[in-house]
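*Asks:* A structural model of the following input is requested.
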Amino acid sequence: MNVLSGFHGAVRLGWLAGALVAQTAMAIPPIVSHVSDPAGLLAPERLGVIDLEAKLADYEARTGLRILVQFHAKSPPADQDQVPGAYMRGLSEQLGTRQHGVLLVYFADDPDWRIWIGDDLAARFAGKPGTVAELTASKAIHEVKEALFSAAQAKADAAFTELQKSSGAAQPPGKAHHLELWTNALVDALMARLKAN
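*Replies:* Below you'll find the predicted structure:
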């Protein structure tokens, strides 16, 4: 074998190896993050995002339901938020939860939570039969959302009070700790609601 043919053989092998790696990489589904917290609103020292990501990934693996949680420093611009539900509908469309999934978004400047329940899950979430239009018109979805938010906030507030008592004055818990408790209470209530109905 001369040097030139050996070189071409090596090039061909290198190309085939590269093609195999590329094909393998394309066959692996992309990693989907369930939690987005670019502003770092959760308490990093408590590994809030990592724990929440693991909880949501496990829930999706067990139930097939995807729940995404996002933390935004600011509320949507007024021009994107004029029509009720339009902002969350558009965001859920982008994230793939428009039809069969759930999107929870926290806006720190309010502070306030918003939730999008995918159309396929509306009746299950409301706990009664009906189309999305019917359940919206009857306010069934809205009432369940409000009850869910209120119960989760009450649970988080109580847990935060206990945390303040046990932490002492040296290391008092802050807003990030409260948000972590609030988020987990809301996610837990949502998971239980979707599983039960």
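*Asks:* quick one: the strands in the chain?
*Replies:* For the chain, the strands defined by DSSP state E cover 35-36, 67-72, 102-107, 112-117.
*Asks:* residue contacts, the nearest residue to M88 once chain neighbours are set aside?
*Replies:* Distance criterion Cβ to Cβ, 6 or more residues apart in numbering; nearest residue to M88, sequence neighbours excluded, is W116 at 4.3 Å. From N, CA and C alone the C-beta is placed, and that goes for glycine too. Applying Cβ atoms under 8 Å, 6 or more residues apart in numbering, we find W116 in contact with 85, 88-89, 91-92, 97-98, 102-103, 105.
*Asks:* adding distance to A158 and mean pLDDT, write the strands of the chain out as a markdown table.
*Replies:* Shown next, in a markdown table, are those (distance: least, Cβ to Cβ, whole Å; pLDDT from 0 to 100):
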| stretch | distance to A158 | mean pLDDT |
| --- | --- | --- |
| strand 35-36 | 24 | 92 |
| strand 67-72 | 21 | 95 |
| strand 102-107 | 19 | 96 |
| strand 112-117 | 18 | 94 |
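*Asks:* between these, which one is nearest to D51?
*Replies:* strand 35-36 (9.5 Å; Cβ to Cβ).
*Asks:* show me what the closest one is packed against.
*Replies:* If contacts are counted by 3 or more Cβ pairs under 8 Å, 6 or more residues apart in numbering; DSSP states H and E, strand 35-36 sits against helix 48-63, strand 67-72.
*Asks:* thinking again about what came up before, mind putting the strands of the chain in JSON lines, distance to A176 included?
*Replies:* Listed next are the strands of the chain as JSON lines, based on distance: least, Cβ to Cβ, whole Å:
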{"stretch": "strand 35-36", "distance to A176": "14"}
{"stretch": "strand 67-72", "distance to A176": "10"}
{"stretch": "strand 102-107", "distance to A176": "12"}
{"stretch": "strand 112-117", "distance to A176": "16"}
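*Asks:* where are the low-confidence patches of this structure?
*Replies:* Residues of the chain that meet the criterion pLDDT under 70 lie in 1-32, 43-47, 196-197.
*Asks:* separation between the nearest residue to A86 once chain neighbours are set aside and K74?
*Replies:* Distances taken as Cβ to Cβ, 6+ apart place Q80 nearest to A86, at 7.4 Å, with adjacent residues excluded. From Q80 across to K74, the span is 12 Å (Cβ to Cβ, to the nearest Å).
*Asks:* centre of the chain to the longest helix anywhere in the chain, how far?
*Replies:* Scanning the chain for the longest helix, with DSSP state H as the assignment, gives helix 140-167. Relative to its chain's centre, helix 140-167 lies at 18 Å (Cα atoms, centre = their mean, to the nearest Å).
*Asks:* show me what contacts the residue nearest in space to the middle of the chain?
*Replies:* By Cα atoms, centre = their mean, the chain has its centre lying nearest to L68, at 1.8 Å. Counting by Cβ under 8 Å, 6+ apart, L68 makes contact with 34-36, 56, 95, 97, 101-104.
*Asks:* same deal with Q153?
*Replies:* Here Q153 is in contact with 182, 185 (Cβ under 8 Å, 6+ apart).
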